[in-house]
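**Student:** Need coordinates for the following:
(2 chains)
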There are 2 protein chains.
Amino acid sequence: VVAGIRTPLKIEQLAQDMPEVYAEFAAIAQRLEQHYRDVQDLEFTVEKGKLYMLQTRSAKRTAAAAVKIAVDMQADGLITKEEAVQRVEPGQVVQLLLPRFDPQAKADAEAAGRFLAKGLNASPGAAYGKAVFDADTAEAQVKADASARVVLVRPETSPDDVHGMLVAKGILTARGGATSHAAVVARGLGLPCVAGTEDIRVDEEGKFLTVIKTGQTLREGDDISIDGSTGEVFAGIIPVVEPNYDEETDLRTILGWADDIRRLGVWANADIPADAERAVKYGAEGIGLCRTEHMFFEKTRLPVVRRMILAPTLSERQAALDELLPIQQADFAGLFRAMRDPQSGEAYPVVIRLIDPPLHEFLPSYEELLVEVTHLEDAGNAPEELAEKRALLQAVAAMREANPMLGLRGCRLGLLYPEINVMQTRAILGAAVDVAAEGISAKPKIMIPLVGFVTELAEVRRQLEAAAADVVQSSGKTVDYKFGTMIELPRAALTAGQIAGVAEFFSFGTNDLTQTTLGMSRDDAEGKFLLRYVDGLPKLDVNGTPFKDADGKAELVKILKVNPFQTIDREGVGRLVEIAVREGRATNAELEVGVCGEHGGDPESVAFFESVGLDYVSCSPFRVPVARLAAAQAKLAGEVRDK
Amino acid sequence: VVAGIRTPLKIEQLAQDMPEVYAEFAAIAQRLEQHYRDVQDLEFTVEKGKLYMLQTRSAKRTAAAAVKIAVDMQADGLITKEEAVQRVEPGQVVQLLLPRFDPQAKADAEAAGRFLAKGLNASPGAAYGKAVFDADTAEAQVKADASARVVLVRPETSPDDVHGMLVAKGILTARGGATSHAAVVARGLGLPCVAGTEDIRVDEEGKFLTVIKTGQTLREGDDISIDGSTGEVFAGIIPVVEPNYDEETDLRTILGWADDIRRLGVWANADIPADAERAVKYGAEGIGLCRTEHMFFEKTRLPVVRRMILAPTLSERQAALDELLPIQQADFAGLFRAMRDPQSGEAYPVVIRLIDPPLHEFLPSYEELLVEVTHLEDAGNAPEELAEKRALLQAVAAMREANPMLGLRGCRLGLLYPEINVMQTRAILGAAVDVAAEGISAKPKIMIPLVGFVTELAEVRRQLEAAAADVVQSSGKTVDYKFGTMIELPRAALTAGQIAGVAEFFSFGTNDLTQTTLGMSRDDAEGKFLLRYVDGLPKLDVNGTPFKDADGKAELVKILKVNPFQTIDREGVGRLVEIAVREGRATNAELEVGVCGEHGGDPESVAFFESVGLDYVSCSPFRVPVARLAAAQAKLAGEVRDK
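**Tutor:** Numbers count the residues shown, from 1 in each chain, chains lettered A, B, ... in the order given. Alright, predicted model coming up:
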């Protein structure tokens, strides 16, 4: 039964047919599992009544099985808690916590005959949306309506499809395996993908798909649902549900053990109380990044923010800021209330980053205004509206930037408009005073973004300590707060020894640090060349003819192994992180050091952060369980290495 | 005569009135000048027939005097050539080589009574243009017509004027000294500036200036000429002339000595043969940067370049490239013919950078197209033109980028469109073969921009060596070329040890390296906050009230001492340069290392490049003499330090 030509018999058959052989096999199996201390995948054969063991290896298992086996084996005394923690892959935790089809809705869909086909589970998670058969249409639909949900359906994908993949909720292809373009890119984007669905035929021209066996068809705009964790494809919408973490008892057991093992703190990035509550539920011990400007984008607040930005005088700007102060203060109080240890009730730290994005991000789009003004000019019938729009266009034009990521943002804003920073500081300290009156303690940490020079930070700190002193004086309460900075520019990392003289904590903003160190704007790079670097470029001769391998397949040149925005680039960005940690701590031994870029939730990156001795990682609430497990595994791997 | 209350008498008067005292004075003066080996500024007094020497110090002198004195003193045996070289400040060389008024035209203007006033010579160089009295108008005029020449005239300048200063040919202010905002910013921008012209009154509202003594007025749009080297202001246009380097005999003598002393090579950045010839005249020993794309912007070529970019198929793109090939080849041949040692005729190296800017820079402006399409839509009378413009708009939209500096450019282009790189390589090698047929040897060096990963460079090198081999084979001639890369991303510097395994030379692109390391887009930063950082920000209390010093003047907080785009930031960018030089040479001991950013012509930066052991600096042709002197001084300073 080795060659796989015959369908193997069930093991119960053996017990019935050859009880002695079965007993021998069971004993061997038990010994092997005890020896390897893991569930084994055994190959054997029986020839003329004699048992031959052919091969044994650790069995492949689903995410749920991996967690259950690890907990059970620890309970049976076969493995230690440390071993149990190492038996679960961080990616499996991701799978357990990804959105999945609502089970009842899925059962209904099956009963209603809406199951279409099963392909390869190429990138986990469930998604639904309108079927779209080319990338341009996908892009156009989402551009026209940002809330549009599309699932991109292709025979297979190529780099020309990436702009459509970037806006899709999920990807379905008829051809290609786990390392096909669609699969690699989708995993890179964290997007559900079912690939190689050989049972369907995709007609690009006609814009429809056909299920080969049944002849069922789905046309452009028809609803479709896919599950990248199972490979299933359904017609119509199957609503997706968030997994219920509270019911994942085994997972919570494993993660509890991981908490006992890990050295790294695990915090979360959260801007609003609901996110903070979810973060605490998933085990976060602090907020590593609260982006205060996200509060500015709310519909009722945006007009006030715009008034503040466009104010022609300082007093008008101050009036708008005075309106924003109580709103921000209430937001921060909500975060402080949520961020407490669920057992002890003690305050968790909350790192609040002062305003970061360029102010023009809060204003209407230049291009839209330009079109409106042009229409009004052509119509010539609304001179007042035209004058008003023109004035706004001019104001927006004056603030536009060639490269906004590298422009007037971060601490540069606070240095030119200190009144914004002062308002935010008053709101943070004021919120701490407010919750103290409710008997709730708070641990605010004020974080300054995009610092490149210690002189920038020193001046901001001077201003903000004055504002803090003002709140303390007028309220009569003291507030325990800390003052620190993001390290997200190469220069900040290279001069961390100076900066640590003014900062009480560092938080590595590895998203921006990756953008500047690599000279890649993520918005532009991923769509235009970066995913192709990971995917591999065709190897061409001098006339543009592709080289082919022995099988006639076009050879590819891989420029990058992984997307550096997903897994930290150790040699470049990582080297800067190492320099900054070492030289920052040399200046200030008390310096607290964390990371709040997306890398904080990536297991490979977490291993790196453990190795350079960060104090904590902070990631999106959904990645907190992954980070807890990865931090424990990194600690254990470090101990093995150190032996 | 010490207090400066009385007007001193001429020295000849002393010889006549008190011959003994004069003889004694002359002897003392000679001893002092021999002792200090420099021209002295002596203060003395005569009381009751007795000479009292009060003070002696090295005399201040004009640029021309400094050079003449140094050469004369060496001829007199008072100082060595090394000392002579140290007696001239690099800034004085700049002054001697800046554009100045045409002397005849200036004499005519004086004779015609067009001299208006004399202010402070705040930033050297001469300029003419239309007088404009506010920054917005200056900006609007230059936006409307890029060839417009405006001189910004202000009572004094503030940060709100910077956007106008950025587009002006010169600055004139009525108030403020050598460290006023106008003076500091103008020197920062290398822009002629006459400041503190107390004899004129500037009426902002009325948009005119009045010469107080004469009552003459100049209104907005009137021509005006200023000389920032002398402080003179004239009505009307006085044409400016380039200085005649050949006639600057003393300067050439000093620079000849500098050449004997310096270790650093001095090369120039030049894109066309005329620039290359000027560079050789000024003493450049190579081209450190030829920007090939500048050739693409020429009017007759741009349509071909656009056809290449918008080509829907590879074969159409190849057809456009085939048209560009002979044109580029002829350009390169012109450079090779120009770049030879004027004495020996031997070839100087020519570093040619392959295409670098994002391709959308060659296409029509998105905003202009958007307005055109909107007009056509409103008119509704030209459906064909509308369809055509819409298609072009869509093509341009697809190529737009959020942050073009960090987008699809540099080697990323060549990796996605290798046919462009192949064409340029064929043109370079082909040009070398062409000039060889004329008996002229060439030393081309092919330079790849914006490399971040060694894998990028390795793949480009593979392609280009194949293209080079093709040229060699088809021509039957060998060409001596080298293959190297720019180091202009932090990651390239941090992984230079890897990259040097594939590159034969490095050239630091310190403009882009400064932009990425500091996270500052120069276009956005200088106008919006960087010059204010240098200038100083008002120190405010928590309520926005400025702190005042004892004299009631607002206190300023200086964030930066100098503009890092002018003088290299040693602690950040410089540290990366040091790392890259050290680790690059550790991998490849033969590695040639230079710099081709604007810092290559800045004396303080040249001193840094000497200290880290670069092989050469490359700067604009006009800065070559400055760099020659600065390189010699840096060498001498290093020798003193090493003792």
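**Student:** For A:Trp267, list the residues it contacts.
**Tutor:** Counting by CB atoms under 8 Å, 6 or more residues apart in numbering or on different chains, A:Trp267 touches A:279, A:284-288, A:348-349, A:351, A:594, A:596, A:616-619. Quick note: C-beta positions are derived from backbone N, CA and C, even for glycine.
**Student:** Report pLDDT for the nearest residue in space to A:Phe115 that is not next to it in sequence.
**Tutor:** Closest residue to A:Phe115 apart from its sequence neighbours, by CB to CB, 6 or more residues apart in numbering or on different chains: A:Phe234 at 5.7 Å. A:Phe234 is assigned a pLDDT of 97 by the prediction.
**Student:** count of residues packed around A:Phe234?
**Tutor:** 24 (other CB atoms under 10 Å in any protein chain shown).
**Student:** Which helix or strand lies directly C-terminal to the strand or helix carrying it?
**Tutor:** Here A:Phe234, judged by DSSP states H and E, is contained in strand A:232-235. Once strand A:232-235 ends, the next helix or strand along the chain (criterion: DSSP H and E) is strand A:240-241.
**Student:** ok, and for the helix or strand just after that next one, which residues are buried?
**Tutor:** Using DSSP H and E, the next helix or strand after strand A:240-241 towards the C-terminus is helix A:249-261. Residues of helix A:249-261 classed as buried: A:Asp250, A:Leu251, A:Arg252, A:Thr253, A:Ile254, A:Leu255, A:Trp257, A:Ala258, A:Asp259, A:Ile261 (neighbour count, 16 or more other CB atoms under 10 Å in any protein chain shown).
**Student:** Would you convert those into a markdown table that also reports pLDDT?
**Tutor:** Putting those into a markdown table (pLDDT from 0 to 100) gives the following:
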| residue | pLDDT |
| --- | --- |
| A:Asp250 | 95 |
| A:Leu251 | 96 |
| A:Arg252 | 96 |
| A:Thr253 | 97 |
| A:Ile254 | 97 |
| A:Leu255 | 97 |
| A:Trp257 | 98 |
| A:Ala258 | 98 |
| A:Asp259 | 98 |
| A:Ile261 | 98 |
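**Student:** how does chain A divide into domains?
**Tutor:** Using automatic domain parsing, the domain parsing of chain A gives A:1-60, A:62-97, A:100-241, A:262-357+A:408-526+A:564-642, A:366-400.
**Student:** isn't A:Leu489 right up against B:Thr514?
**Tutor:** No: between A:Leu489 and B:Thr514 there is no contact under CB atoms under 8 Å: 11.6 Å.
**Student:** Neighbour count for these two, which is higher?
**Tutor:** Neighbour count, other CB under 10 Å: between A:Leu489 and B:Thr514, A:Leu489 has more, with 30 against 27.
**Student:** Quick check: the gap between A:Thr300 and A:Glu323.
**Tutor:** For A:Thr300, the distance to A:Glu323 equals 11 Å [CB to CB, to the nearest Å].
**Student:** Please compare the two by neighbour count and tell me which comes out ahead.
**Tutor:** Taking other CB under 10 Å, A:Thr300 and A:Glu323 do not tie; A:Glu323 has more neighbours (16 against 7).
**Student:** A:Val305 is in contact with that one, correct?
**Tutor:** No: judged on CB under 8 Å, A:Glu323 makes no contact with A:Val305 at a distance of 9.6 Å.
**Student:** where does chain A dip in pLDDT?
**Tutor:** Applying pLDDT under 70 to chain A flags residues A:1-8, A:179, A:188.
**Student:** number of nearby residues for A:Met38?
**Tutor:** For the record, residue A:38 is Asp, not Met. Counted with other CB under 10 Å, A:Asp38 comes out at 20.
**Student:** can you pull up the bridge partners for the closest residue to it other than its chain neighbours?
**Tutor:** Nearest non-adjacent residue to A:Asp38, counting by CB to CB, 6+ apart: A:Ser58, 4.6 Å away. Here A:Ser58 sits in beta bridges with A:Gln40, going by DSSP bridges.
**Student:** Closest residue of the stretch 151-300 of chain A to chain B?
**Tutor:** Minimum separation of the stretch 151-300 of chain A from chain B (CB to the nearest CB) falls at A:His163, amounting to 8.0 Å.
**Student:** From A:Glu156, how far out is that residue?
**Tutor:** Going from A:His163 to A:Glu156 by CB to CB gives 16 Å.
**Student:** Check the offset of stretch A:306-317 from the chain's centre.
**Tutor:** Its chain's C-alpha centre and that of stretch A:306-317 lie 36 Å apart, by CA atoms, centre = their mean, to the nearest Å.
**Student:** do stretch A:147-156 as well
**Tutor:** Distance of stretch A:147-156 from the chain centroid (CA atoms, centre = their mean) equals 21 Å.
**Student:** Can you get me the start-to-end distance on stretch A:471-481?
**Tutor:** The first and final residues of stretch A:471-481 sit 12 Å from each other (CA to CA, to the nearest Å).
**Student:** Please apply the same query to stretch A:565-577.
**Tutor:** End to end - CA to CA - stretch A:565-577 spans 15 Å.
**Student:** What is the nearest of the buried residues of helix A:249-261 to A:Ile440?
**Tutor:** Nearest to A:Ile440 among the buried residues of helix A:249-261: A:Asp259, at 24.1 Å, using CB to CB.
**Student:** Give me the number of neighbouring residues for the nearest residue to that closest one once chain neighbours are set aside.
**Tutor:** Of all residues not flanking A:Asp259 in the chain, A:Arg628 sits nearest, at 6.1 Å (CB to CB, 6+ apart). Other residues within reach of A:Arg628, judged by other CB under 10 Å, total 30.
**Student:** For A:Arg628, which three-state class applies?
**Tutor:** helix (DSSP: H, G, I helix; E, B strand; the rest coil).
**Student:** what about dumping the CA coordinates of stretch A:321-340 to CSV?
**Tutor:** Extracted as CSV, the C-alpha positions of stretch A:321-340 are listed here (Å, rounded to 0.1, in the frame of the first residue of the first chain):
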residue,chain,number,x,y,z
LEU,A,321,-8.7,73.6,18.9
ASP,A,322,-10.8,74.6,22.0
GLU,A,323,-13.7,72.8,20.4
LEU,A,324,-11.6,69.7,19.8
LEU,A,325,-10.1,69.6,23.3
PRO,A,326,-13.1,68.1,25.2
ILE,A,327,-13.8,65.6,22.4
GLN,A,328,-10.2,64.3,22.4
GLN,A,329,-10.2,64.3,26.2
ALA,A,330,-13.3,62.1,26.3
ASP,A,331,-11.7,59.7,23.7
PHE,A,332,-8.6,59.3,25.8
ALA,A,333,-10.6,58.8,29.0
GLY,A,334,-12.4,55.9,27.2
LEU,A,335,-9.1,54.3,26.3
PHE,A,336,-7.8,54.7,29.9
ARG,A,337,-11.0,53.0,31.2
ALA,A,338,-10.6,50.1,28.9
MET,A,339,-6.9,49.5,29.4
ARG,A,340,-6.7,47.7,32.7
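**Student:** Show me what counts as buried in that stretch.
**Tutor:** Judged by neighbour count using 16+ other CB under 10 Å, the buried positions of stretch A:321-340 are A:321, A:323-325, A:328-329, A:331-340.
**Student:** Looking at the residues you listed, which is nearest B:Met399?
**Tutor:** A:Leu324 (38.2 Å).
**Student:** Output the set of residues of the stretch 301-450 of chain A in proximity to chain B.
**Tutor:** For the stretch 301-450 of chain A, the contact set with chain B under CB under 8 Å from any CB of the partner chain comprises A:314, A:318, A:366-367, A:370-371, A:374-375, A:378-379, A:398, A:401-408, A:412, A:415-416, A:418-419, A:422, A:450.
**Student:** on that earlier part again, distance of the residue nearest to A:Asp259 relative to A:Glu384?
**Tutor:** The gap separating A:Arg628 from A:Glu384 is 59 Å, by CB to CB.
**Student:** do the same with A:Arg219
**Tutor:** Taking CB to CB as the measure, A:Arg219 falls 48 Å from A:Glu384.
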